[in-house]
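**Student:** how does the following fold in three dimensions:
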Amino acid sequence: MLLTILGIVVAAIAILVIVIATRPSDFALARTSTMAAPAATVFAQVNDFHKWTAWSPWENIDPALKREYSGPDAGAGAHYHWIGNSKVGEGQMTITESKPGELVRIKLEFIKPFAATNDTTFTFKPEANGTLVTWTMTGKNGFMSKAFDLFMNMDKMVGRDFEKGLASMKTVSEAAAKT
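**Tutor:** Take a look at the predicted model:
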């Protein structure tokens, strides 16, 4: 009887490991928002990490968040490092490509609580009533990330943060466009 139960547990674990291992490694999530502001105005909010405090969905989670900026103030080579509480963790971002009014590409590195490196891209497309902003994050899931994603919908969780950030960016950009 005990061997039968042990065999069932081992088989269940083996099946779970196989299911997790065969899940896709690559992931991508994206959200968009149209903002009643010129592309150059919205671009400026993303291209300068100092401005992220006004709209980033993660900036106010930890009031004691430690920030460190290095490199140029904006554009390619600008670097931002943060250390926060357990909800914010530790990580860093570096702008790897910057095309005024069109694109900002960022290397996003999470250090704690889990190490991961992802690519984040913001694109800005002028439209009749403003600018269409698309915020995309892509990367690869390791085994633990695949297991977590099996039980928690990362697109939904992180997507909510992107939506909140884009709503704040819209408020800030539209106010800047009026001045």
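**Student:** where does the residue positioned nearest the centre of the chain fall, secondary structure wise?
**Tutor:** The residue lying closest to the centre of the chain (CA atoms, centre = their mean) is residue 137, at 5.6 Å. Element membership for residue 137, per DSSP states H and E: strand 130-140.
**Student:** buried residues of that strand, list them for me.
**Tutor:** The neighbour-count criterion (16 or more other CB atoms under 10 Å) identifies 130, 131, 132, 133, 134, 135, 136, 137, 139 as the buried residues of strand 130-140. From N, CA and C alone the C-beta is placed, and that goes for glycine too.
**Student:** quickly list what the second one is bridged to.
**Tutor:** With DSSP bridges applied, residue 131 shows beta-bridge pairing to residue 35, residue 126.
**Student:** how much space separates it from residue 28?
**Tutor:** Separation of residue 131 from residue 28 (CB to CB, to the nearest Å): 22 Å.
**Student:** for this structure, what's the longest helix?
**Tutor:** Determined from DSSP state H, the single longest helix within the chain is helix 154-178.
**Student:** so where's the chain shaky on pLDDT?
**Tutor:** Low-confidence segments of the chain, defined by pLDDT under 70: 16-17, 19-21, 24, 143-144, 146-148, 150-152.
**Student:** so where do the strands sit in it?
**Tutor:** Secondary structure of the chain by DSSP state E: the strands cover 26-35, 66-70, 79-83, 90-99, 103-112, 116-127, 130-140.
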